[in-house]
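Trainee: Sequence first, predicted coordinates after that:
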Protein chains: 2
Amino acid sequence: MTNAPSRTELSALGEFGLIERLASRIVPIQPSTVKGIGDDAAIIDPQGLHQVITTDMLVEGVHFDLAYMPLKHLGYKAVVVNLSDVYAMNAEPRQIIVAVALSNRFPVEAVDELYEGMQLACANYGVDLVGGDTTSSTSGLVISITAIGAAKQEDIIYRSGARTNDLLVVSGDLGGAYMGLQVLEREKAVFKETGAQPDLHGHDYIIERQLKPEARKDIIELLRKMEVKPTSMIDISDGLASEALHLAHASGLGVRIFDDKIPIDPTTYSTARDFNLDPSTCALNGGEDYELLFTIALGDHEKVKGNPSITVIGHMADADRSVALVDKNGGEHALQAQGWDALLKRT
Amino acid sequence: MTNAPSRTELSALGEFGLIERLASRIVPIQPSTVKGIGDDAAIIDPQGLHQVITTDMLVEGVHFDLAYMPLKHLGYKAVVVNLSDVYAMNAEPRQIIVAVALSNRFPVEAVDELYEGMQLACANYGVDLVGGDTTSSTSGLVISITAIGAAKQEDIIYRSGARTNDLLVVSGDLGGAYMGLQVLEREKAVFKETGAQPDLHGHDYIIERQLKPEARKDIIELLRKMEVKPTSMIDISDGLASEALHLAHASGLGVRIFDDKIPIDPTTYSTARDFNLDPSTCALNGGEDYELLFTIALGDHEKVKGNPSITVIGHMADADRSVALVDKNGGEHALQAQGWDALLKRT
């Protein structure tokens, strides 16, 4: 920030003042939202549909670093990671409810930025922010968002529905968010040591993947248009290997992933090489790509073939449950979840 | 704890291991729970009812102090404060979803205790724990719970439905949780200074009000049995004054509360006197009692009169919107919300 931005202390507003300030800017658009902010609870009319519900908590110093994560992006991302879970059930997200803990180092203007990001995500995905809790924290920023979605019972897709020989398909490309994080961490270290301004040149794509991910609403719509209903689905938050293992485990099957089929963007690839990292490993274990990983019946292959938004990367295997990465020579390597284990990441 | 309790590091389990450990002990009982823990989201069948949804976040050092709050009680209370909001809409809580951030100073056994408390509350209120997020924290413990309830559209009670001359009614008694906190804080200070064991003798009731509050499910059932439908309702989390102001504000009315009608338990009263505090002030501004505050039509007075579980403490006044406490001589004193403002409470 430049030109000495104005700073209003949170204590000048108080909790109720802050809630009123935020509520005045938030207008529900979902017909299913009966009552948003302003009572003991929000009220939703399910309109005859099943409701899906999911929550994700983001903790400063664990999931984000405000040294390079602008608050508006953080707000946007905090919403998107939850919506991604709703899409992964083949449901339509409709409402979110937001709990935020803030220390007094954040002025009202910072809270505004955070909520601007959340509201932008809500607008982009047609979701209402219907309530929440705002409280103080003794140190860092904690954001906990719960997303509610709706779907017909028969449309919901579980992790457990995959069958032997189903094709394993992924949307978009993988490893970018992880490599974006590596670049940001490197530039932060350089800045700390030398004071040099960050050089993010040529890394726009992977930095956007890290700072402003999107949930794949478009893929859900595409599949519907193609008349392909996946047999199982999950979103990629912890890395391809970890999520493929979840699908295999839940479905009681094994899985084969072909290394040379994994979609990796050229920027991700070259940056991984610059960091002396194996691009496939970044895709398998990097996480935070928020792409969709799903299985489809072999008979649906013709329908999806050649679509640039999705890639067939493998198939489900017999119930011996072996889970492997297949290299270009046909060699099989046991896959292990080495995804981002938030409980092991301590500072 | 005594006899050197066993300590298992969280890192020995990891996030997925911890989730599996917790999930194996959690069995859904609600017919409306289609899918609990184990997919990208939980799934609820609303069974033709509207859904109410509310969230509360509890932060270590702000909302609780583990020096005197056992983890099992904390888990219980974290659930109850959310269920209280659902009852305040005249709805039946059915599911909760839990996000927890933990630092590595907590062993697996501590997490078990916390969840035992949450599961006990779930069992007592017939609610399912259907999902959540478990992550690490750089310092303290943060618990964010979202509760989902169900009600017929026509049964839902808003804050905004009160009419002029409606009676203002409160369940149970007030100020106890606040005085319990004062005793616990005093004994903590004495322990720090002298090492003396806490003397909680004679304070059981108010300490239980603070450490193990209950949500007033029984009052919702009682009102239904009496065939009394409140015109407006709220739960008392921030203190009587603050909540009465919310009802008045939302309904566009004023309110009169008669000082000598406010129900205060003898233990609360005498402890307040010992602390040189005005018992009425503790009831008005103490908070955390989780009683229900509601308004009923004047015509329903006969139905509720004499019931020991509820007390008529005032009435809604004309639209001049003046909000006052009436003393025993008929003098009126403007009421202000001096409830527990979590944003001002910094350590």
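Mentor: That came through fine.
Trainee: how is chain A carved up into domains?
Mentor: A:10-155, A:159-334 (automatic domain parsing).
Trainee: Just send those domains back as a markdown table, with mean pLDDT and mean neighbour count too.
Mentor: (Each C-beta comes from the backbone N, C-alpha and C, glycine too.) Listed next are these as a markdown table, based on pLDDT from 0 to 100; neighbours: other Cβ atoms under 10 Å in any protein chain shown:
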| stretch | mean pLDDT | mean neighbour count |
| --- | --- | --- |
| domain A:10-155 | 93 | 21 |
| domain A:159-334 | 94 | 19 |
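Trainee: of these, which approaches chain B most closely?
Mentor: Chain B sits nearest to domain A:10-155 of all the domains of chain A, at 3.6 Å, using Cβ to the nearest Cβ.
Trainee: circling back: can you check which of the domains of chain A gets nearest to residue B:112?
Mentor: Residue B:112 sits nearest to domain A:10-155 of all the domains of chain A, at 19.6 Å, using Cβ to Cβ.
Trainee: just how off-centre is that closest one within its chain?
Mentor: Offset of domain A:10-155 from its chain centre (Cα atoms, centre = their mean, to the nearest Å): 14 Å.
Trainee: again, but for stretch A:291-298
Mentor: 17 Å.
Trainee: How about that stretch and chain B, touching?
Mentor: No. Figure legend: stretch A:291-298 not in contact with chain B (Cβ under 8 Å from any Cβ of the partner chain); closest approach 10.0 Å.
Trainee: and if you look at stretch A:50-58?
Mentor: Yes. With Cβ under 8 Å from any Cβ as the criterion, chain B is reached by stretch A:50-58 at A:50-57.
Trainee: which stretches of the stretch 51-200 of chain A form helices?
Mentor: A:71-87, A:108-125, A:176-194 (DSSP state H, counting those that start in this stretch).
Trainee: Please identify which of these is closest to residue B:35.
Mentor: The nearest among those, by Cβ to Cβ, is helix A:71-87 at 12.9 Å.
Trainee: Is chain B within reach of that closest one?
Mentor: Yes. Applying Cβ under 8 Å from any Cβ, one finds helix A:71-87 touching chain B at A:85-86.
Trainee: quick one, that helix and helix A:108-125 angle?
Mentor: Relative orientation of helix A:71-87 and helix A:108-125, computed by axes from the mean of the first three to the mean of the last three Cα atoms, to 10 degrees: 40 degrees.
Trainee: Helix, strand, or coil at the residue nearest to residue A:305 when sequence neighbours are not counted?
Mentor: Leaving aside its chain neighbours, residue A:305 sits nearest to residue A:312 (7.9 Å; criterion: Cβ to Cβ, 6 or more residues apart in numbering or on different chains). Three-state assignment for residue A:312 (DSSP: H, G, I helix; E, B strand; the rest coil): strand.
Trainee: Might one say that residue A:312 is in contact with residue A:169?
Mentor: Yes. The pair residue A:312 / residue A:169 is scored as a contact, 5.3 Å apart, by Cβ atoms under 8 Å.
Trainee: who touches both of these two?
Mentor: Shared contacts of residue A:312 and residue A:169, defined by Cβ atoms under 8 Å, 6 or more residues apart in numbering or on different chains, are found at residue A:304.
Trainee: what does the stretch 151-300 of chain A have sitting close to chain B?
Mentor: A:153, A:156, A:158-160, A:233-235, A:250.
Trainee: Just to be sure, which of those are found in strands?
Mentor: Among those, the members found in strands (DSSP state E) are A:233-235.
Trainee: can you pull the contacts of residue A:243?
Mentor: Contacts of residue A:243 by Cβ under 8 Å, 6+ apart are A:234-237, A:293, A:339.
Trainee: those strands in the stretch 1-150 of chain A, which residues are they?
Mentor: Along the stretch 1-150 of chain A, counting by DSSP state E, counting those that start in this stretch, strands occupy A:33-35, A:42-44, A:50-59, A:92-102, A:128-136, A:142-151.
Trainee: Apologies, that question was intended for the stretch 201-347 of chain A.
Mentor: Counting by DSSP E, counting those that start in this stretch, the strands of the stretch 201-347 of chain A are A:232-235, A:254-258, A:292-296, A:310-317, A:323-326, A:332-334.
Trainee: Nearest to residue B:279 among those strands would be which one?
Mentor: Short answer: strand A:232-235, nearest of the strands of the stretch 201-347 of chain A by Cβ to Cβ, at 53.9 Å.
Trainee: gap between the closest one and the chain center?
Mentor: Using Cα atoms, centre = their mean, the offset of strand A:232-235 from its chain centre is 13 Å.
Trainee: Just list what that strand packs against, helices and strands only.
Mentor: In this structure, strand A:232-235 packs against helix A:71-87, helix A:240-251, strand A:292-296, with contacts taken as 3 or more Cβ pairs under 8 Å, 6 or more residues apart in numbering or on different chains; DSSP states H and E.
Trainee: Would you reformat those as TSV and include distance to residue A:196?
Mentor: Converted to TSV, the helices and strands packed on strand A:232-235 look like this (distance: least, Cβ to Cβ, whole Å):
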stretch	distance to residue A:196
helix A:71-87	22
helix A:240-251	34
strand A:292-296	38
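Trainee: Mind checking these for the one nearest to residue A:203?
Mentor: Using Cβ to Cβ, the nearest of the helices and strands packed on strand A:232-235 to residue A:203 is helix A:71-87, at 15.4 Å.
Trainee: so what's the one residue sitting closest to the centre of chain A up against?
Mentor: Among the residues of chain A, the one closest to the centroid is residue A:81, at 3.2 Å (Cα atoms, centre = their mean). Residue A:81 is in contact with A:56, A:58, A:145, A:213, A:215, A:237, A:290, counting by Cβ under 8 Å, 6+ apart.
Trainee: For these, give me JSON lines that also has distance to residue A:24.
Mentor: As requested, the contacts of residue A:81 are arranged in JSON lines below (distance: Cβ to Cβ, whole Å):
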{"residue": "A:56", "distance to residue A:24": "27"}
{"residue": "A:58", "distance to residue A:24": "25"}
{"residue": "A:145", "distance to residue A:24": "21"}
{"residue": "A:213", "distance to residue A:24": "29"}
{"residue": "A:215", "distance to residue A:24": "27"}
{"residue": "A:237", "distance to residue A:24": "33"}
{"residue": "A:290", "distance to residue A:24": "31"}
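Trainee: Among those residues, give me the pair with the biggest separation.
Mentor: Between any two of the contacts of residue A:81, the greatest separation by Cβ to Cβ is 15.1 Å, found for A:58 and A:215.
Trainee: from memory residue A:240 sits against residue A:173, does it?
Mentor: No. Counting by Cβ under 8 Å, residue A:240 does not reach residue A:173; the two are 10.8 Å apart.
Trainee: Common neighbours of these two, please.
Mentor: Contacts common to residue A:240 and residue A:173, judged by Cβ under 8 Å, 6+ apart, are residue A:283.
Trainee: Now do the same contact list for residue A:323.
Mentor: A:244-245, A:248, A:254-255, A:334-335.
Trainee: Let me fix that, I meant to ask about residue A:220.
Mentor: So residue A:220 contacts A:87, A:90, A:292 (Cβ under 8 Å, 6+ apart).
Trainee: switch the cut-off to 6 Å
Mentor: residue A:87 (Cβ atoms under 6 Å, 6 or more residues apart in numbering or on different chains).
Trainee: Residue A:112 now?
Mentor: Residue A:112 touches nothing, counting by Cβ under 6 Å, 6+ apart.
Trainee: what's the answer for residue A:22, then?
Mentor: Applying Cβ under 6 Å, 6+ apart, the residues near residue A:22 are residue A:115.
Trainee: Give me the distance between it and residue B:113.
Mentor: 35 Å (Cβ to Cβ, to the nearest Å).
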